[in-house]
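Undergrad: give me the fold of what follows.
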Amino acid sequence: MKVRPAAVVLAVATAAATTLALPPASAHDKKDRAPIACADLTRLKITDTTISLAQLLPAGDNPAPVGTLPTAICRVVGVTKPAVQFEVWLPTQTWNGKFQGVGNGGTAGVISYAAMRTALTRGYATASTDTGHVSSGSFDSSWALNRPDLIADFGHRGLHVMTLNGKEITRAFYGKSANFSYYVGCSKGGQQGLMEAQRYPEDYDGIIAGDPANNWTRFYAGSHLWYSISTLKDPESYIPASKTQILGDAVTAACDAIDGIKDGVLDDPRKCHFDPAVLTCEANQDPATCFTPKQVKAIKDIWSGVRTSSGKLVHEPLVPGAEAGPGGWAAWTTGTAPFTGLHWQAADGFFRFMVFSDPNRNVLNFDYDKDLAFALRKVGPDLDAINPDLRPFRWRGGKLIVYHGFSDPDISPLNTIDYYESVVAFNRKHHDDRREALARTQQFFRLFMVPGMQHCSGGPGPNTFDTLTALENWVEKGEAPRQITASHLTGGVVDRTRPLCLYPKVAVYKGDGSTDDANNFACRTPPEETDGHHHHHSDDHDD
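TA: Here you go, the predicted structure:
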């Protein structure tokens, strides 16, 4: 247990008392006690909580909907009022002494069984929740109609309650508390991770938040909805999925070589200034191979984002490079036909049920002044994880790793960079330059951008990597991650590796050997970051 200044402990305790009812004293009781048998966990007393099932399952068992278990577990199923369903899986032979909470996707509403199985393969006791409602699909929001309590559970409370319950059940079953607790999530799960760091800093020692939908209300208005308005409000603006590859190929052809390597990946799409007008159909051209003026305008609108009447950007827009492939614009922006894309499905339900409480509302008529202000007031406080003040998390020794696919067709990677920069700015003392504030931030919060990765996975760039080992080494051994090696697989075979660099550093080719081998790259600070200051290229200055 780290000794902390009394004032700090008091500040954290006061913050906690104002945002949540503290759990029973037992959750803070670190002393070992007699383990409780699996079947007897149904009798465990947890506030407002009923445990309906506690059963031993052997390795290789495959009960629906759990999936095939990599190891023998005690499976615990419970619910906390009003409706936060959760599961806790406790390895009976392979426990590593640690606890892992896992996040959700979309609008949650289901237990994340696959993520729990992954946690088991590493020996973790693990927990997941539906966040307090049952969903019929990835972006079903109908459960939220006139239920502000369920929106709050979805926004932050559900995962927090699951975490407290999961740690308490873990302690009861093994007779001792977990040595370390980690959280892992992407997308909605990334929002949950940042919400934990901001609101419930005592829950986890280490947090991984991928592609976070943290700026939730603005993201739904300025991205999901805006991309839908751009392509659907005028039927002639709709872009069929078959044309997304044409756009993606044109972007790659124009911008791939900016980073000095032609590899089908845009290392930093912010440097790509491709004008889609060059793809406008000419007289007698086959319309399947080009874009109408209205389609070109839709592309430009998506890339530029939407502003309020006073000129303020609502949410960072998508960047070039996310268009091609089945997981690109074809899934998110166009769908198989008008009104089938995921951006529309997400926006439509969110605004009808969560924001306006009006199932019949036509959300394509959204007013970016009046309606946005209303949405931010109504649901923003429960859904938006945008607070740059992470001091309580930092003070308790918490560590945070955030990553984002630079070719994400769902959530703009620029929003994640903006949030990171807001934390750096918050950590800036009066006399500091940015570099000092950056170094201070990197003591507990590190960002890794992933060139060529789409939403949480996929895409042309190396998109398979292990952030959890990096986080464990940071929390448990004090080894802060300077770079993480990512792999690209084709047919299950690795055909390219690349280092993911500690932002704002980027991977620079050393000039020798294969560009498909991470060892031939170094993480360097780009020239525009040095701001004319004397700068060392050595990695020794990361920490």
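
Undergrad: which positions in stretch 337-357 come out as buried?
TA: 338, 341-356 (16 or more other Cβ atoms under 10 Å). Quick note: C-beta positions are derived from backbone N, CA and C, even for glycine.

Undergrad: low-confidence ranges in the stretch 1-150 of the chain?
TA: Scanning the stretch 1-150 of the chain for pLDDT under 70 picks out 1-30.

Undergrad: hmm, I was thinking of the chain
TA: Using pLDDT under 70, the chain drops low at 1-30, 530-543.

Undergrad: in it, where's the longest helix?
TA: helix 158-174 (DSSP state H).

Undergrad: what is the helix or strand following it packed up against?
TA: Downstream of helix 158-174, the next assigned helix or strand under DSSP states H and E is strand 180-186. On a contact count with 3 or more Cβ pairs under 8 Å, 6 or more residues apart in numbering; DSSP states H and E, strand 180-186 meets strand 98-102, helix 113-121, helix 158-174, helix 188-199, strand 206-210, helix 467-477.

Undergrad: ok so, going back, okay, and which of the buried residues of stretch 337-357 map to helices?
TA: Per DSSP H, the buried residues of stretch 337-357 map to helices at 342-349.

Undergrad: which one of those residues is nearest to residue 199?
TA: The closest of these to residue 199 turns out to be residue 346 (Cβ to Cβ; 23.4 Å).

Undergrad: ok so, going back, among the helices and strands packed on strand 180-186, which is nearest residue 300?
TA: Here helix 188-199 is closest among those (Cβ to Cβ), at 27.9 Å.

Undergrad: got the buried residues for the closest one?
TA: For helix 188-199, using 16+ other Cβ under 10 Å, the buried residues are 188-199.

Undergrad: which strands or helices does the helix or strand harbouring residue 88 pack on?
TA: Assigned by DSSP H and E, residue 88 belongs to strand 84-91. For strand 84-91, the elements it packs on are strand 73-80, helix 113-121, strand 125-129, helix 158-174, judged by 3+ Cβ pairs under 8 Å, 6+ apart.

Undergrad: tell me the most buried of those?
TA: strand 125-129 (a mean of 29; mean count of other Cβ atoms under 10 Å).

Undergrad: that strand vs strand 98-102, what angle?
TA: Counting by axes from the mean of the first three to the mean of the last three Cα atoms, to 10 degrees, strand 125-129 lies at 20 degrees to strand 98-102.

Undergrad: hang on, residue 277 packs against residue 296?
TA: Yes. Between residue 277 and residue 296 there is a contact under Cβ atoms under 8 Å: 5.5 Å.

Undergrad: who has more neighbours, the two?
TA: residue 296 (21 against 12; other Cβ atoms under 10 Å).

Undergrad: neighbouring contacts of the helix or strand hosting residue 229?
TA: Counting by DSSP H and E, the element that carries residue 229 is helix 226-232. Taking contacts as Cβ atoms under 8 Å, 6 or more residues apart in numbering, the residues outside helix 226-232 that touch it are 237-239, 297-298, 301-302, 305-306, 314-315, 317-318, 332-334, 338-339, 341, 343-344, 347-348, 364, 366.

Undergrad: just checking, next helix/strand downstream of that helix?
TA: helix 244-255.

Undergrad: now for the following helix or strand past that next one, which elements pack on it?
TA: Sequence order places helix 293-304 as the next helix or strand after helix 244-255, per DSSP H and E. Other helices and strands packing on helix 293-304, by 3+ Cβ pairs under 8 Å, 6+ apart, are helix 226-232.

Undergrad: kindly export the helix it packs on (C-alpha atoms) in CSV.
TA: Presented in CSV, the C-alpha positions along helix 226-232 are these (Å, rounded to 0.1, in the frame of the first residue of the first chain):
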residue,chain,number,x,y,z
TRP,A,226,-23.9,14.1,-39.4
TYR,A,227,-22.6,11.4,-41.7
SER,A,228,-26.2,10.1,-42.0
ILE,A,229,-27.5,13.6,-42.8
SER,A,230,-24.7,14.1,-45.4
THR,A,231,-25.6,10.9,-47.3
LEU,A,232,-29.3,10.3,-46.6
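
Undergrad: helix, strand, or coil at residue 107?
TA: Using DSSP: H, G, I helix; E, B strand; the rest coil, the structure places residue 107 in coil.

Undergrad: which ones are touching it?
TA: Per Cβ under 8 Å, 6+ apart, neighbours of residue 107: 135, 138-141, 154, 188, 346, 349-350.
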